[in-house]
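>>> Build me a model:
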Amino acid sequence: MKSPKKGGQHVNTTCSGVRAVYAPLGIEAISYNERSQHKNKSIALKRLRAKLNTIEETKENRAKNERWKNGKTLERGNAIKVFEGEDFREIQ
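Numbers count the residues shown, from 1 in each chain. Presented below is the predicted three-dimensional model:
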């Protein structure tokens, strides 16, 4: 892809811009700052990885918060196991 920025004849004749797309989620990262397509590709891939990592971190944080919210508090009468008698027979 061509660069949308100023740069004269060189920008108009080269296609060194890169768009990296992660198709399953529709996420894209664009780089056209460098003159080399290889450098732009590595920059775009780094940006795409960073976006995917932030999405993964937010998913993990949401799951962690959900587990924390659903956690039961130990209260009187909220016993997990109940025993009775001198030989401690389990009731529940």
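>>> Run through who's touching stretch 49-65.
Outside of stretch 49-65, the residues within contact range by C-beta atoms under 8 Å, 6 or more residues apart in numbering are 22, 25, 27, 29. Placement of C-beta: from N, CA and C, glycine included.
>>> Give the burial count for the first one, as a bare number.
Going back to what we said before, that points to residue 22. Counted with other C-beta atoms under 10 Å, residues neighbouring residue 22 total 14.
>>> Would you check which pair of the contacts of stretch 49-65 lies furthest apart?
Pairwise distances across the contacts of stretch 49-65 (C-beta to C-beta) peak at 12.0 Å, for the pair 25 and 29.
>>> Between these two, tell me which one has more neighbours.
Between residue 25 and residue 29, residue 29 has the larger neighbour count (other C-beta under 10 Å), namely 19 against 10.
>>> partner residues bridging that one?
Here residue 29 sits in beta bridges with residue 20, going by DSSP bridges.
>>> where's it relative to residue 86, distance?
Residue 29 sits 70 Å away from residue 86, going by C-beta to C-beta, to the nearest Å.
>>> Need phi/psi at the closest residue to residue 25 other than its chain neighbours.
Once flanking residues are discounted, residue 25 sits nearest to residue 55: 7.3 Å by C-beta to C-beta, 6 or more residues apart in numbering. With angles defined as degrees, to the nearest 10, residue 55 sits at phi -60, psi -40.
>>> burial count for residue 55?
Quick note: residue 55 (other C-beta under 10 Å) scores 13 neighbours.
>>> what's the spacing between it and residue 27?
Noted for residue 55: a distance of 8 Å to residue 27, by C-beta to C-beta.
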